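[1] got a predicted structure here, sequence first:
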Amino acid sequence: MTSLLEVSGVSVSFDGFRAINNLSFHIGSAEMRAIIGPNGAGKTTFMDIVTGKTKPDEGRVIWGERSLSLLGLSEARIAREGVGRKFQKPTVFEDQSVQENLLMALRNRRGPFSVLFYKTRPDHLARVVELAEEIGLSDQLQRTSGELSHGQKQWLEIGMLLAQEPRLLLVDEPAAGMTPAEREHTTNILVEAAKTRAVVVVEHDMEFVRRLGCKVTVLHEGAVLAEGSLDHVTANKEVIDVYLGR
Amino acid sequence: MQRAYQGRNRSTVIFLVLLAVFTLTVTVLSEGVGNGMISTSFVKTLGKTLCLALVAISMDLVWGYAGILSLGHFAFFGLGGYMVGMWLMYERTREIVATSLADAPIPPTAQEVSDAVANQIFGVVGSAEFPLIWAFADSLAAQLLLVVLVPGVLAGVFGWLAFRSRVAGVYLSILTQAMTLALSLYLFQNDNGLRGNNGLSGLQNIPGLADVPQALVSVWFFWGAAFALGAGYLLAVWVVSGKFGSVLRGIRDDEARVRFLGYPVETYKLVLFTGTACLAGIAGALYYPQAGIINPAELAPIASIYLAVWVAIGGRGRLYGAVIGAGLVSLVSSWFTGGQAPDVPLGFYTIKWVDWWLVVLGLSFVMVTLFAPKGIGGLFDLLERRIAPDRHGADLGPDQGALREKEASE
Amino acid sequence: MKYLYVAVLALALTSTFVRAQEAPTQMILQEQAPLIMENSRRTVAPAIAAVSDSGLPQAQDVLQAWQAKNLWQRSADGLFFRATKTEQNDYALYDFDSGEIVGTALSSDLEQIKPNSGIRALIGSALVRFQLQDPDPKRRRAALTSVQRNPGEDLLAPLRESLAAEPDPEILALKQRAERLLTMAYDADEDRRIAAVSQMAGDLGVDVRATLNPMLSTRQAVFAGPPPEALNIAETLVPGETIETSEAYDILVAADLAPPRVTAAQIRNALAQHIEGGTVGGVPVHRLDDPDMRLQAYAALAELGDVPPAPGPVQIAQTLAAHSFVEVYVEPSTRVTDAASEALDTIALTVGANQAVDLILDGLSLTSIYFLAAIGLAITFGVMGVINMAHGEFIMMGAYTGYVVQQIVPNHTASILLAIPLAFAVTFAAGVLMERLVIRWLYNRPLETLLATFGVSIALQQLAKNIFGTQARPLTSPEWLDGAWAINDVVAISYIRIAIFVLAGFFLCVYLFIMRRTRLGLETRAVTQNPRMAASMGINLNKVNMLTFGLGSGIAGVAGVAIGLFAKVTSELGSDYIVQSFMTVVVGGVGNIWGTLAGAAMIGFLQKGIEWFNPSNTLAAQTFMIVFIIMFIQFRPRGIIALKGRAAGD
């Protein structure tokens, strides 16, 4: 299986503090991966590097079949290449309706002029309705998204992520603040998504990770501590030390 | 979205009808073609106000919709005025010079005409030669093109530099203000080829229309301004109502999120900044022939801040708000500072509005910012019983230009 | 005939009235009487010399009387007296030798000697000798000053003479310097001049350059063929290269070596005068809007002899080629001009180095002004992140406070010392008031803060106009701050700028002390880094924000007093500084006082540097400076000293 994303030897430091230390990571084109690790392990910074928000001091980030280097590309360009990101705190455009949010996220041409002359096409609207159904917001399409509940915003954001049709989903703590039923639903969506694309989930909740049933990467002090099935890594002595010994 | 879209549509229709009625009324009452109840100078004031409303729309697009508080759009407005002013002044002077030289026993050479025109125009700054920047001044078409091109290119270059290095929020405001200051200082220099602090004058005399009375010319310009405002309004509605508007408002509230959706935020900002600068240039090109004179003081940084004040008082993020703000504040300001407002005797002190209007304006502006961020436009929401939701003090996004809690609507 | 007359007169005088031993002055005057009475600038010199070289104590009196037109000759016996008009409308006659009144006479019996200005100047320079040796040091200094102001060849000898007897070492030094300069310019001996030139070569004094420059003055000359060898040629001019062709031709015309050119205007006028039946020189009038046709018509007229011929370009080129143009030194000696230009080069180098020092001092003083204006902003904007457009108006309030204090306390020193804390108090109060009423509602909303404080700014500005009027008010600095510290003729810095520099340094220390050593500074830093965390640790956010903002505003007020001392106090004082102040903070890097200092230094030096290239145009300097800053921010968006990493935020 070829890698979709290959991160190798990446380091980054802030004011002398090494947030990521010679990190290497790769994921295939249809794979689910969970990243766990204690606070400050570099999970968020890792995602910042992949999405182009943070520029690493050294290392390589290689993407896709054409082995494109993501370093030096803008966030928007990386997103267009097919990297979608969901933030820890739900971030949707609160001034705009659910439909507008989804339409904006819908995979389409992103240039200002093609957007300026864009006409809402029926198949696009149909896709929006379909997505809304999937995230349980069918009857909320015309509501201003600022009025949605916290959980609904989480859903909307996941919906926007799916609308982007990314090849790699980076999901930061998707289950935070959700009811067990909602978690179930989220798990299903993610597992479904991982059939056709790569999904990286950053999560604290071991129960949630277990339910995803995927390979796990443990980060510690900016480097990979262990990798393997959840049972394999939880049996690792170092991992136990890191999680429990602190 | 459907509801919002209809709402916008309705306000657009109402606006255009009101504009048409207003134009018709002024025409009927004007000296030039109507019964003369409105003096020519007031027709000019109204025409100028329409131009100010147009530049306010362009300001609302950048600030109200995209959250970029530009303190340079009035400079673009002035540049548009300068560009059209160059042709007006050149052509008008050339007519006068040609008339006076026609009496000479020997017909003048092209060089003699050009020298005489240059002497007329630049004598005041001690020069008698045409600077390079007047190369196209003899062509109306070229100068009209420059009305759009000069502000556009300046905004484009500045915007490209600023947005590329991710300058945003107040830093961008300060930077645009610095740009405006640099431009006005440059224009104040006598050797810049634009007559320094004398500026360009006599612009109300339209070449070729020497026999047409000002009363009529003023009405023509009024129509022109009204048409430009209507067209500009429609253009702005079109820009903000579709997906482009969605992206703009996204950029205003949370530009990082828009970026992660794959939109090249910087390019959007650049396109909008440049486009609105062009629009401002057009507004200026219509304004200054009515004002008759343009000088560098018009472009001073404070003018651009006033522009932001108009939009804020009218209510940002709604196009009719910008029009109302610009129209109302500029008309009321000229009424108060023009000495028409009656003094208020307090016994121990008499309030002269000429002296105190700016104090009142400044303080009322603080009040609007603090207590009524929706501005006058908020009154319409009250009429429609749209109330701001209680968001426990949270703004609509993390960015500095994001809508505030009180600006949100159900 | 003349000689006979003199001889007879002399005989008569010696025998009858005057004996040389008793009246030596009168004797000399009688000897020189014909020259004196001739009263001509060309011939009078020996008479003046005879008097001044006589060695008599009265010589100075005579010369002064002569110069002041108080020298009279009695018609009856030809004797000279100093005469003054009495109340009886006749004249009292003073004898020079005795100094006493020897009689009176009516003006009809007297003849006044009325030297013209040329003669008076000659007498004046003869008098200098006496003044230079005057017992009163003040008069000696005055004489020396006049020598320095109007140097001349004839002053060299008296100046040298006076050196030996000069008792005052200070004046002696001045005299020696003046002597060197006069030697450079006027000594008859070439070697002495060159020696003097090389001796003064390293000197920065303006007077040295003022002496050297005329020695190198040139005039343009033109010769048919090559220039004569004997000339001291400064430069050979090549038309079209080192001299404009038109200019070269004008020289030829001025020297009557070529016919004058005919200008376009002259052609037009000539053509207009020769219109005959709708044509001029065979060209129809309506076609004369073409310059070529005009030339053709003119040439036709010239052929007829109606107008002088216009030299064509070919003719002009030929004439120019046939002549050589040179810049010739007025000074004939090549060695002297060489030495002088070499000395000037040396001096120019030294002057350049000193100007660089002066530029640095200028830049430093501008830096401290910008720093002072921006340091309050470094607190409110840099540390707190509050963008206060009324900051400039706080500066203005400080300046007006100083003005008001000076109206009440007349003593300038006391009033300034009182004004500084008072200005701080006033603007501190204003800042706290504004923070409480406006800004605290708008934390996290910098754009709204910008606009709201702008509203405050225009209100305050108009208020100041209403109270103090639109004309500038003076804020006078104490006397001990007047004047400048002049290191040499090139480098000087006014005391007021030194005071501002010291003040800026003082406030830098105050800032560092408050931020790093006090509770308020600690709490301020805590609040700005994480307000919620700070609040949960028991820090009173309201109080800290209020005090910090007040502190920043208060410093702005003090800056206002300082700025008011050298700038005019108007209601627009603040708005002149506001953009630059923000630039200073932004360029330097927000949140770091050293950054603000670096920003102020960059802007100050940049502006002075650009002004140096184009001193006449400060507007251009400001324009270019702002453009440069805009470019700079593109490349270092976070400023010179940037906070890095996650702490900087996005």
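    Structure's in. What do you need? Numbering: from 1, shown residues only, chains lettered A, B, ... in the order given.
[2] and the residue of chain A at minimum distance from chain C, backbone torsions?
    Nearest to chain C, among the residues of chain A, is A:Phe14, at 3.1 Å (Cβ to the nearest Cβ). (Each C-beta comes from the backbone N, C-alpha and C, glycine too.) For A:Phe14, the backbone dihedrals are phi -110, psi 120 (criterion: degrees, to the nearest 10).
[3] what's the first helix or strand after the lengthiest helix in chain C?
    Criterion DSSP state H: the longest helix present in chain C is helix C:334-377. Moving toward the C-terminus from helix C:334-377, the next helix or strand (DSSP states H and E) is helix C:391-408.
[4] okay, the angle between that following helix and helix C:334-377?
    100 degrees (axes from the mean of the first three to the mean of the last three Cα atoms, to 10 degrees).
[5] in helix C:391-408, what's buried?
    C:391-406 (16 or more other Cβ atoms under 10 Å in any protein chain shown).
[6] relative to C:Trp594, how far out is the residue of chain A closest to chain C?
    21 Å (Cβ to Cβ, to the nearest Å).
[7] count of residues packed around the residue in the stretch 401-550 of chain C that chain A sits nearest to?
    Across the stretch 401-550 of chain C, no residue is closer to chain A than C:Gln529, which sits at 13.8 Å (Cβ to the nearest Cβ). By other Cβ atoms under 10 Å in any protein chain shown, 11 other residues sit near C:Gln529.
[8] flag the shaky bits of chain A, pLDDT-wise.
    Applying pLDDT under 70 to chain A picks out residues A:1, A:244-246.
[9] state the distance from the residue of chain A closest to chain C to C:Arg41.
    In terms of Cβ to Cβ, A:Phe14 sits 89 Å off from C:Arg41.
[10] try B:Glu407
    For B:Glu407 relative to C:Arg41 (Cβ to Cβ), the value is 92 Å.
[11] that older thread, and the residue of chain A closest to chain C, what are its bridge partners?
    A:Phe17 (DSSP bridges).
[12] buried residues, the longest helix seen in chain B. List them.
    Ranked by residue count and defined by DSSP H, the top helix of chain B is helix B:73-102. Buried positions in helix B:73-102, judged by neighbour count with 16+ other Cβ under 10 Å: B:73-94, B:96-97, B:101.
[13] buried ones in stretch C:500-516, by neighbour count?
    C:Ile500, C:Phe501, C:Leu503, C:Ala504, C:Phe507, C:Leu508, C:Tyr511, C:Ile514, C:Met515.
[14] now the helices for the chain?
    By default, I'm working from chain A. Using DSSP H, helices in chain A cover A:43-51, A:75-81, A:98-105, A:112-116, A:122-134, A:150-163, A:180-193, A:206-212, A:230-235, A:237-244.
[15] meant chain B, my bad for not saying
    Using DSSP H, helices in chain B cover B:2-29, B:40-59, B:73-102, B:110-122, B:140-164, B:169-188, B:214-241, B:243-260, B:265-291, B:301-314, B:319-337, B:353-371, B:377-383.
[16] can you tell which of those is closest to C:Asn545?
    helix B:353-371 (16.5 Å; Cβ to Cβ).
[17] other residues contacting that closest one?
    B:309, B:312-313, B:329, B:333, B:336-337, B:339, B:341-344, B:375, C:438, C:441-442, C:448, C:451-452, C:454-463, C:465-466 (Cβ atoms under 8 Å, 6 or more residues apart in numbering or on different chains).
[18] please pick the buried ones from those residues.
    B:309, B:312-313, B:329, B:336, B:341, B:375, C:438, C:442, C:448, C:451-452, C:454-463, C:465-466.
[19] what phi and what psi does the backbone show at the closest residue to C:Asn354 other than its chain neighbours?
    Once flanking residues are discounted, C:Asn354 sits nearest to C:Val490: 4.0 Å by Cβ to Cβ, 6 or more residues apart in numbering or on different chains. Here is the backbone geometry of C:Val490 (degrees, to the nearest 10): phi -100, psi -50.
[20] and C:Val490, how far from C:Arg209?
    From C:Val490 to C:Arg209 the distance is 10 Å (Cβ to Cβ).
[21] what is in contact with those two at once?
    With Cβ under 8 Å, 6+ apart as the test, C:Val490 and C:Arg209 both reach C:Val351.
[22] gap between the two ends of stretch C:274-287?
    15 Å (Cα to Cα, to the nearest Å).
[23] off-centre distance for it?
    Distance of stretch C:274-287 from the chain centroid (Cα atoms, centre = their mean, to the nearest Å) equals 57 Å.
[24] got the contact list for it?
    Counting by Cβ under 8 Å, 6+ apart, B:105-107, C:271, C:288, C:293-294, C:296-301, C:304, C:306-307 sit against stretch C:274-287.
[25] C:Phe513 and A:Arg66, how far apart?
    Taking Cβ to Cβ, one finds C:Phe513 at 59 Å from A:Arg66.
[26] for the closest residue to B:Asn35 other than its chain neighbours, give me its contacts.
    The shortest distance from B:Asn35 to any non-neighbouring residue, by Cβ to Cβ, 6+ apart, is to B:Leu29 (6.2 Å). Neighbouring residues of B:Leu29 by Cβ under 8 Å, 6+ apart: B:Asn35, B:Gly36, B:Met37, B:Ile38.
[27] list buried residues within the residues you listed.
    Counted by 16+ other Cβ under 10 Å, those give B:Ile38 as buried.
[28] from the contacts of B:Leu29, which single one is nearest chain C?
    So of those, ranked by how close each gets to chain C (Cβ to the nearest Cβ), first place is B:Ile38, at 30.6 Å.
[29] for chain A, see how far away the closest one is.
    39 Å (Cβ to the nearest Cβ, to the nearest Å).
[30] residues touching B:Pro207, list them.
    B:Leu88, B:Glu91, B:Arg92, B:Arg94, B:Glu95.
[31] OK, contacts around B:Leu54?
    Applying Cβ under 8 Å, 6+ apart, the residues near B:Leu54 are B:Ala225, B:Ala228, B:Leu229, B:Gly232, B:Leu279, B:Ile282, B:Ala283, B:Leu286.
[32] and the residues you listed, which two are furthest apart?
    It's B:Ala225 and B:Leu279 that sit farthest apart of the contacts of B:Leu54, by Cβ to Cβ, at 13.3 Å.
[33] who has more neighbours out of the two?
    B:Leu279 (28 against 25).
[34] surely that one meets B:Met59?
    No: at 9.5 Å, B:Leu279 does not count as touching B:Met59 under the criterion of Cβ atoms under 8 Å.
[35] tell me if stretch B:66-81 is near chain A.
    No: on the criterion Cβ under 8 Å from any Cβ of the partner chain, stretch B:66-81 is out of touch with chain A, staying 10.9 Å away.
[36] who does A:Val224 form a beta bridge with?
    Beta-bridge partners, per DSSP bridges, of A:Val224: A:Leu219.
[37] kindly provide the distance from it to A:Thr51.
    From A:Val224 to A:Thr51 the distance is 19 Å (Cβ to Cβ).
[38] so who does the spatially most central residue of chain A touch?
    Centroid check for chain A by Cα atoms, centre = their mean gives A:Leu170 as the closest residue, at 1.5 Å. Counting by Cβ under 8 Å, 6+ apart, A:Leu170 touches A:Met47, A:Val50, A:Thr51, A:Val83, A:Gly84, A:Arg85, A:Lys86, A:Val200, A:Val202.
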